[in-house]
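[1] Could you work out the structure for the sequence below:
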Amino acid sequence: MRTKHSLLIFLSALLLFGFSSVYEIVSQVSTPILPFSQVQPGMKGIGKTVVRGTTIEDFFIEVIDVIEGPQLLNSFILIKAAGKAIEESGGIAQGMSGSPVFVDGKLIGAISMAAAWAVPQDALALVTPIESMLELLREGQALSTAVPSGTIPVRSRSGRIRELRFVTELPAPADLANQVQTLFARKAQNLIFVSGLRARGFALLTAGPKRDDVLALQPTTELPLPISLEQTSRFRLGNEGLTFLETGVAGSRWQATRDLKPGSALAVLLAKGDVTLTSIGTVTYVEGNKLLAFGHPFLLKGPSQYFLTGAFIYTTFRTLQIPFKYGAPDAVVLGTIREDRAQGIAGVLGAEPDQVALKIRVRDRDRRSEKGFSIDLVEMADLLPSLVLSATTNALDLALNRVSGGTVKASYTVRLVKNGTPLSIIRRDIFFEWQDVALAPSLQLAQIIANVAFNPFQRVDLKEIIVDLEFTEEPKVSEIVGLETEKEVYKPGEEVKFKVILRPFRGAAFTQEGSLRLPEELEGETLTLRAAGGREEERRSVTSIEELVKAISESKTNGHITVEAGSVTLGVPQVEWFVKGKASKKIKIQRG
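    Below you'll find the model as predicted:
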């Protein structure tokens, strides 16, 4: 019967994914489970993990105690681990999270945290019970994102442990002597390998832009949208549970295992391509095309859309603080991580996550060079603004190979889908800064993405962001120094032809011509015409996603010239010059 069932699944895989993707469908045999209630101190078994390459290695475990918290989410199994794999790893290493633990061939849970106790033991770890993790696979289940923290009272089956304390660093053995009834657990620290980012891009991703920089750029960068530039700048990836490691390794030079099993190394990605953000862990459980891993949260985002691939482990570094596996993701996306909760992550194989294609082209007009970047980003609203800001600024820094003042002409095309209907934001702008111009266009793009992703009207699917940036060190900045009209006297309702006089930096003055019609109702004998450069504009009130798309596309640019005559306003858009300054002209009004 089982053979027939497996054959049907195999044939279905061929139809759904094609012959070349059969490796994505894993074994359909469920792993036997040993319930948490039956786990007892003194039980012995094995754990499984990858220390190097893709080979799953066994290590020995012994159950030291069983920790019963106020609820299953706060309950753990305390084990001691030993064997060659543990010795090579230098203890419980980052990347071992999710390593399955078996007693008599039955799965009891996943290694989730290193631990320390006054009773001397080597390589202590907490195991998240598999029953707690299995809740992530139950559709319709109400799932918590609360993570155990601080100090919680517990009951251990040995009677020797009374409280569980979560800490960022495990205490030294000498500090444990007087705390026999307290078990210490090192809070889960997810190590994210970052490739493709220079120092500034890395800092923007992890800490966000500096507030002073945002305030300085606000007048020339912020669009009049519901989510402000300052609010956009608060999005960042860094938090207490993350550690970042810059690396030049974007992907594995060797193929990782694509038939994921309990103990296999897996990679979870937020970005792939010219910028890669990867966290490595271990598969705990596989059932059909679903899997569980980590035994603790990744970013604790709840419903998620992360890339899932196999991982190749180059080595495991034995550091004085926290040993960690050093590896890289496979080139082929195997599936999607869809749940990111306190007790672990859950994924589905055979379907890629919702993603946004970010394509950036930077042209250096002075050096006559051009460089392109292609990055696939997870489509998650609270991650996209910081990912886009970091990647776009980084693209400018890499392409120019310097931090420079100058002028950037920016063109953005953002493609999205609303209920199957495609919509496009198309915007052009110009930016100028004396010392460093790279951050301004990137911040404005991040604000655009934040407003689309968090629009209050309805969910839309972001599909593609195309960015074209043209740079020159030449200060393409002009100041309005005068406003002239064709004549001095006009009648109400008459057309006024005008010239705005602009003086570029170290250049000869030139004019921008236009015309507007005066209002029919005018009071007084004179009227003052005013011309102003730049983006001075009140924040817009929008009532639909279509209005938001229009507001972003049509908001004033830094090259915009506005001419006002009473209640009549005329915009003269252009992006060849960054325009500043104001001028006015008084005309006489002829009655009758």
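
[2] Do you have the helices of this protein handy? List them.
    Counting by DSSP state H, one finds helices in the chain at the ranges 2-17, 84-89, 130-134, 173-176, 199-207, 211-221, 229-232, 384-400, 439-453, 545-554.

[3] any idea of the mean pLDDT for the fourth one?
    The reference is to helix 173-176. Averaged over helix 173-176, pLDDT sits at 79.

[4] Show me the contact partners of it.
    Here helix 173-176 makes contact (C-beta atoms under 8 Å, 6 or more residues apart in numbering) with 116-118, 120, 184. Where C-beta positions appear, they are placed from N, C-alpha and C, glycine not excepted.

[5] picking that back up, now the helices of the chain as CSV including distance to Pro323?
    Listed next are these as CSV, based on distance: least, C-beta to C-beta, whole Å:
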stretch, distance to Pro323
helix 2-17, 37
helix 84-89, 6
helix 130-134, 24
helix 173-176, 18
helix 199-207, 22
helix 211-221, 37
helix 229-232, 38
helix 384-400, 28
helix 439-453, 36
helix 545-554, 47
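
[6] Just send those back as JSON lines, with mean neighbour count too.
    Below are these laid out as JSON lines (neighbours: other C-beta atoms under 10 Å):
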{"stretch": "helix 2-17", "mean neighbour count": "11"}
{"stretch": "helix 84-89", "mean neighbour count": "20"}
{"stretch": "helix 130-134", "mean neighbour count": "22"}
{"stretch": "helix 173-176", "mean neighbour count": "12"}
{"stretch": "helix 199-207", "mean neighbour count": "19"}
{"stretch": "helix 211-221", "mean neighbour count": "15"}
{"stretch": "helix 229-232", "mean neighbour count": "20"}
{"stretch": "helix 384-400", "mean neighbour count": "26"}
{"stretch": "helix 439-453", "mean neighbour count": "26"}
{"stretch": "helix 545-554", "mean neighbour count": "18"}
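
[7] Out of those, the one nearest Lys580 is which?
    When the helices of the chain are ranked by proximity to Lys580, the top entry is helix 211-221, at 8.8 Å, counting by C-beta to C-beta.

[8] Mind listing residues that contact that closest one?
    With contacts defined as C-beta under 8 Å, 6+ apart, helix 211-221 is touched by 229-230, 233, 431-433, 439-441, 443-444, 447, 534-535, 558, 578.

[9] Show me how far that helix is from its chain's centre.
    22 Å (C-alpha atoms, centre = their mean, to the nearest Å).

[10] try stretch 274-292
    Between the mean C-alpha position of stretch 274-292 and that of its chain there is a distance of 17 Å (C-alpha atoms, centre = their mean).

[11] between the helices of the chain, which gets nearest to Gly47?
    For the helices of the chain, proximity to Gly47 was assessed by C-beta to C-beta; helix 84-89 is nearest, at 8.0 Å.

[12] Kindly spell out which helices and strands sit in contact with that closest one.
    In this structure, helix 84-89 packs against strand 44-50, strand 56-68, with contacts taken as 3 or more C-beta pairs under 8 Å, 6 or more residues apart in numbering; DSSP states H and E.

[13] Buried residues, the shortest one. List them.
    Neighbour counts over strand 44-50 (16 or more other C-beta atoms under 10 Å) mark 45-50 as buried.

[14] Could you do stretch 409-427 as well?
    Those buried within stretch 409-427 under the rule 16+ other C-beta under 10 Å are 409-416, 418, 423, 425, 427.

[15] and what of stretch 344-355?
    When neighbours are counted by 16+ other C-beta under 10 Å, the buried residues of stretch 344-355 are found to be 344-351, 353, 355.

[16] distance of the residue nearest in space to the middle of the chain from Ala185?
    With distances taken as C-alpha atoms, centre = their mean, the chain has Leu383 as the residue nearest its mean C-alpha position (3.3 Å). With distances taken as C-beta to C-beta, to the nearest Å, Leu383 is found 28 Å from Ala185.

[17] Leu387 too?
    As it turns out, when the distance is counted by C-beta to C-beta, Leu387 lies 31 Å from Ala185.

[18] now do Glu473
    Computed as C-beta to C-beta, the Glu473 to Ala185 distance reads 54 Å.

[19] Compare these two and say which is more crowded by neighbours.
    Between Glu473 and Ala185, counting by other C-beta atoms under 10 Å, Ala185 is the more crowded of the two (23 against 16).

[20] from what I can see the more buried one touches Ala114, true?
    Yes. Checked against C-beta atoms under 8 Å, the pair Ala185 and Ala114 is within contact range at 7.5 Å.

[21] which residues are in contact with both of these two?
    In terms of C-beta under 8 Å, 6+ apart, Ala185 and Ala114 are both contacted by the residues Leu126.
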